[in-house]
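Asks: here is my input; please provide its structure:
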Amino acid sequence: MLSMIFSSTISCAVDPTPIPANPDQVTLSNVELSSSGALLGQYLSTSGQPIANATILVQSGKTAQSIQTNSEGRFEISRIESGQCTFQIDESMYACRVWANGTAPPKSLDSIAIVSEEDSVLGNHWNQRPVHFPRGRLSALSSGQKAVLGICAIAGTGIAIAVSQNNKDNAS
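Replies: Model (predicted):
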């Protein structure tokens, strides 16, 4: 239990060096083109609101094209090849696997939704300066998991005290 709490602060750096993504470990969603051969999609904010007039750079095979989202954040890409497709919006990259109509595996999507990687801010006051603190295993736990961990720690301490008292009573 202590290793869960303390190893996270030991193993985390304040400004860790990013680990390059391994393309073999990326899971791509399968998307089937419409009957007219177009890829349909929508660009949304993290709160689910459409992002209008965003420029998206699309790379499919050897073809690259730039498209704009409409007022509802929707876009349609008509000239697209089957295979891996990447989308670049500002500095963010997204990818999917595109299939011609009628050739996609079961449970493939018929359109895509790209969710912006914008910073989301909750609360009334927000400090724009970045806060650097290690994010370890403990911060990744839900509040319920933290409560169970706390109860286990208290129970373990109680058992240790009881055993210690029992040993003192047996020694005398």
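Asks: grab the longest helix from this protein for me.
Replies: Assignment by DSSP state H gives helix 143-171 as the longest helix of the chain.
Asks: buried set for that helix?
Replies: By 16 or more other CB atoms under 10 Å, helix 143-171 has no buried positions at all. Backbone N, C-alpha and C define where each C-beta goes, glycine included.
Asks: what segments of the chain are helices?
Replies: Along the chain, the stretches classed as helices by DSSP H are 2-11, 143-171.
Asks: for the closest residue to E76 other than its chain neighbours, what are its contacts?
Replies: Computed as CB to CB, 6 or more residues apart in numbering, the closest residue to E76 that is not its neighbour in sequence is A38, at 5.0 Å. Going by CB atoms under 8 Å, 6 or more residues apart in numbering, A38 touches 76-78, 80.
Asks: burial check on the nearest residue to E81 once chain neighbours are set aside, number of neighbours?
Replies: Take E81 and drop its neighbours on the chain: the residue closest to it by CB to CB, 6+ apart is G61, 4.1 Å away. By other CB atoms under 10 Å, 12 other residues sit near G61.
Asks: would you confirm that G61 contacts R79?
Replies: No - if you go by CB atoms under 8 Å, G61 and R79 don't touch, sitting 10.4 Å apart.
Asks: what about the contacts of A38, which are in strands?
Replies: Secondary structure defined by DSSP state E assigns 76-77 of these to strands.
Asks: just the buried subset of the contacts of A38, please.
Replies: For those, buried by 16+ other CB under 10 Å: 77, 80.
Asks: which of the contacts of A38 lies closest to E117?
Replies: For the contacts of A38, the closest approach to E117 (CB to CB) belongs to I77, at 20.5 Å.
Asks: tell me the contacts of that closest one?
Replies: I77 makes contact with 38-39, 41, 58, 60, 65, 67, according to CB under 8 Å, 6+ apart.
Asks: where's the dip in pLDDT among those residues?
Replies: Lowest pLDDT among the contacts of I77: S60, with 87.
Asks: is that residue bridged to anything, and to what?
Replies: S60 has the following beta-bridge partners by DSSP bridges: T63, C85.
Asks: now do it against V163, distance only.
Replies: Distance of S60 to V163, computed by CB to CB, to the nearest Å: 66 Å.
Asks: how many neighbours does T46 have?
Replies: Neighbours of T46 under the rule other CB under 10 Å: 11.
Asks: and it, its phi and psi?
Replies: Reported as degrees, to the nearest 10, the phi and psi values for T46 are phi -60, psi -20.
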